[in-house]
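Peer 1: Would you be able to build a 3D model of this:
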Amino acid sequence: MAGDEESGNQAGSTQAYSRWQSDLDSVSVNTEGQAPRVAGGEGSWQTGVKGIVIKILIIILIFMFGLVIGYVIRREVHKKISSSGGISQDYDEKIAGQLLQEVSVEELEDQLRHFSTAPHLAGMQEVGIMAEEITSQWQSWGLNTTVRSYYALLSYPDLTNPNKVFLMSGDSVTETITPDDAQSARDSTVLPYAAYSKSGMATGKLVYVNFGRGEDFHFLESQGVNLTGRIAIARLGQVYVGDKVRHAEMAGAAALLLYPDPAQYQPAGADRGWTLPEDGVFRGDVRITYGDPLTPGYPALEGMFRLSESEADLPGILVQPISIADARKVLGILDGTTAPSDWQGMTQQIDQREDNNRQVRVQVNNKLLNKQIKNVIASISGAVEPDRYVVVGNHRDAWTYGGVEPSTGTACLMELTRTVGLLLKKNWRPRRSIIFASWDGGEFGQIGSTEWVEENIKEMGEKAVAYLNLDGAVIGNYSFYAEASPLLQKVVQDASKTVRDPHGVFSVYNEWVEKFPAGPNAQTPKVDLLGAGSDYAAFVLQAGVPSLDLQYTLDPGFNLSFYPVYHTVYDTFYYVKNFIDPDLSYHRAVTQVLGNTLLRLSDSTLLPFSLGGYAMMIEDFTNAAEASYKNKFKQQGLELQFSKVKLAAEGFALAAAVVEENAGKTDLGNPLEVRRVNDKMMQVDRLFLTPGGVLGKPLYKHLLLSPSKNDCLQLEEGVCQYRGKTFPGLFGAMREVESTGSWANVEKQISIISIAIQSATEFLKK
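Peer 2: Predicted coordinates for the structure are as follows:
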């Protein structure tokens, strides 16, 4: 690894001193073989008192010369150490300022244009070519770069036999719909489809299920609407599409159609160029898990054991997305029960009258193929702590052109690596090692990042300080926004203070506080907890690595889960330049905040973690659970047991406060003491990993940050929040009570939570 030779000198500077000492040890004077005296004279200068004096002077001169040489060598070694590391190396505002100044909107625009010029779906040739280009660029910028391949099960539509939706009268087809939003005869974009949908054909009556949330299906059940064998149709948004599919399958539906409702995707008052055209069609993965379907929990390398496709956790019904225009035709056959007012959008009915003989037929011809995916991994060896890693990543594959998602993130990642490369040329090196990653297969359920974490799970668990993620880095221009593990919330807030608001006079931080305050009258911005929808998932949920995802986001007043052209052919470079970030200034701000965050984590002597933020999260979870379930716990005799969770939360808060107070007193010149403090804070997230997973979901091991087993944890302004609002296992167990009547899992979750917090508290006290 580049720089290993230097790091050997810098970790304690032992070689510098031993070299100096060896110069002294090599000095020797030969006092034998003296010339004979000249008869009758005073003798040679080598003899007598004069000779002794001369010899002493020579020895002194040689000794002084050795001291000078040793001083010069020592000074040069220490100069080299101070420029690239050293035990005392700390976050340097001058270095951070240099990085901020180097970020270029011209470079960002070039990268964005390049990576969004052509479709680049995972498993296809184009995304492999990109891997080669990224490898070449990173190597040219001084990064040690390799490519790591995996072999995963991917899902594609059949180009020769496209998926179709048929409108029928009785058994006769009245209209055939072939979902397609290609902008030319065939512009090489993949046909619209739902990845991993079951293939086959299903025919039945149509039922409108609103957003396909759990509560939507409960409402239909309460109204006596039977979905068995029916074709369900749901509008996109509010909950993850995988949950819509799971709910429809559990309700007995034979197929599910997905469409974008104009109420969300063509909001009133918005620029029409920014909204979704009538023919735009969504593409996406509709599984409810992540990683390669055939190797859950271990890497998809060649020769590894694989499940059969029938054993894999894949949807069991047909799924197909359609456009607004096609949805109008399909929904037009509904003429039955009137929908509640908050359900009404493109339709006012839920189902069909008994005498309505119209039907819908769905034909899905998707294929499952094992394909090679390629991660590009670059590294910079740390000067002081090479065995501690800060990882930065973005997935580069896209369903179509990926102008916004993921290419805005790819452009920012590439610009960050370029600017870091410039610092390397100035003899800077990070205190801790930095790993840059361009993930493949991200759109298919974070496959590239997940397989890499699973291959390196022990190393990540022991050595990874943090993971910083970019996905759609600029999906809007309303405000900066971040999601993070509690340990990283303060560091990204501090980093945002160093970057100027792109179109203002104050900092990104100031705008962030104004647009997304942490609470009423709060003076700090809100940092939401992470969900599981991007490449941080495996880092957080399997390895317990504190993670961060940041972006410029859109106005929440639009009540959109995503930007309107998400995962359609309209997600292009043109769209970004004309409707989101014309001068790339928001890209620059994201890159600068990310870069400053990276330097704080890689260079700070003491890790800039916030244990107080972690304690606050546990307290909030506990309070939320008590507010929601107190009466029910009392009725079931669980009040005393839950009180143990409250006591454990209080104990954790006290222990965390003591650790943070003592950390401020750390002797920064003592590397062992610094390492001890940092390692204790690094382990906090790992303390909450449970081997079997939360409620039996083995890939979701984090007791606090896993998504719930039951779609969402809370609705905010009608939009499902996958980020934690209370303990996910407890929430899921309480939801199960509604359907099973059993409290056993609730009691079990309370015990698991209380002992986990107690164990973490004892760890902090040691």
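
Peer 1: What are the boundaries of the helices in the stretch 351-500 of the chain?
Peer 2: Along the stretch 351-500 of the chain, the segments classed as helices by DSSP state H, counting those that start in this stretch run 407-425, 447-455, 457-463, 489-496.

Peer 1: just those: most buried one?
Peer 2: Most buried of the helices of the stretch 351-500 of the chain, by mean neighbour count (mean count of other Cβ atoms under 10 Å): helix 447-455, with a mean of 27. C-beta: built from backbone N, CA, C; applies to glycine.

Peer 1: what kind of secondary structure is Leu594 in?
Peer 2: Classification of Leu594 by DSSP: H, G, I helix; E, B strand; the rest coil places it in helix.

Peer 1: Check the gap between Glu302 and Gly732 for me.
Peer 2: 36 Å (Cβ to Cβ, to the nearest Å).

Peer 1: Which residue of those two possesses the greater neighbour count?
Peer 2: Remark: of Glu302 and Gly732, Gly732 carries more neighbours, 23 against 8, as counted by other Cβ atoms under 10 Å.

Peer 1: Run through the residues that contact the spatially closest residue to Ala653 that is not a sequence neighbour.
Peer 2: Among residues not flanking Ala653 along the chain, Ala615 sits closest, at 4.0 Å (Cβ to Cβ, 6 or more residues apart in numbering). Shown in contact with Ala615 (Cβ atoms under 8 Å, 6 or more residues apart in numbering): Ala649, Phe652, Ala653, Ala656, Ala657.

Peer 1: can those go into TSV with extra columns for secondary structure and neighbour count?
Peer 2: Converted to TSV, the contacts of Ala615 look like this (DSSP: H, G, I helix; E, B strand; the rest coil; neighbours: other Cβ atoms under 10 Å):
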residue	secondary structure	neighbour count
Ala649	helix	22
Phe652	helix	25
Ala653	helix	19
Ala656	helix	23
Ala657	helix	14
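
Peer 1: In the residues you listed, find the pair that's most separated.
Peer 2: Ala649 and Ala657 (12.9 Å; Cβ to Cβ).

Peer 1: in this structure, what spans have low per-residue confidence?
Peer 2: Within the chain, the segments meeting pLDDT under 70 span 1-50, 66, 68-86, 183-187, 709-724.

Peer 1: And the residue most central in space within it, its phi and psi?
Peer 2: Among the residues of the chain, the one closest to the centroid is Tyr536, at 2.8 Å (Cα atoms, centre = their mean). Dihedral pair for Tyr536: phi -80, psi -10, per degrees, to the nearest 10.

Peer 1: Surely it is in contact with Ala464?
Peer 2: No: look at Tyr536 against Ala464 with Cβ atoms under 8 Å: they stay out of range, at 11.7 Å.

Peer 1: if we can go back for a sec, using JSON lines, please lay out the helices of the stretch 351-500 of the chain together with distance to Gln139.
Peer 2: Formatted as JSON lines, the helices of the stretch 351-500 of the chain follow (distance: least, Cβ to Cβ, whole Å):
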{"stretch": "helix 407-425", "distance to Gln139": "10"}
{"stretch": "helix 447-455", "distance to Gln139": "19"}
{"stretch": "helix 457-463", "distance to Gln139": "23"}
{"stretch": "helix 489-496", "distance to Gln139": "28"}
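
Peer 1: Which among the ones you listed is found nearest to Val239?
Peer 2: helix 447-455 (21.9 Å).

Peer 1: And that closest one, what does it pack against?
Peer 2: Applying 3 or more Cβ pairs under 8 Å, 6 or more residues apart in numbering; DSSP states H and E, we find helix 447-455 packed against strand 144-156, strand 367-380, strand 385-395, strand 432-439, helix 537-541.

Peer 1: Distance from the chain centre to the fourth one, please.
Peer 2: Translated: strand 432-439. From the chain centre to the centre of strand 432-439 is a distance of 13 Å (Cα atoms, centre = their mean, to the nearest Å).
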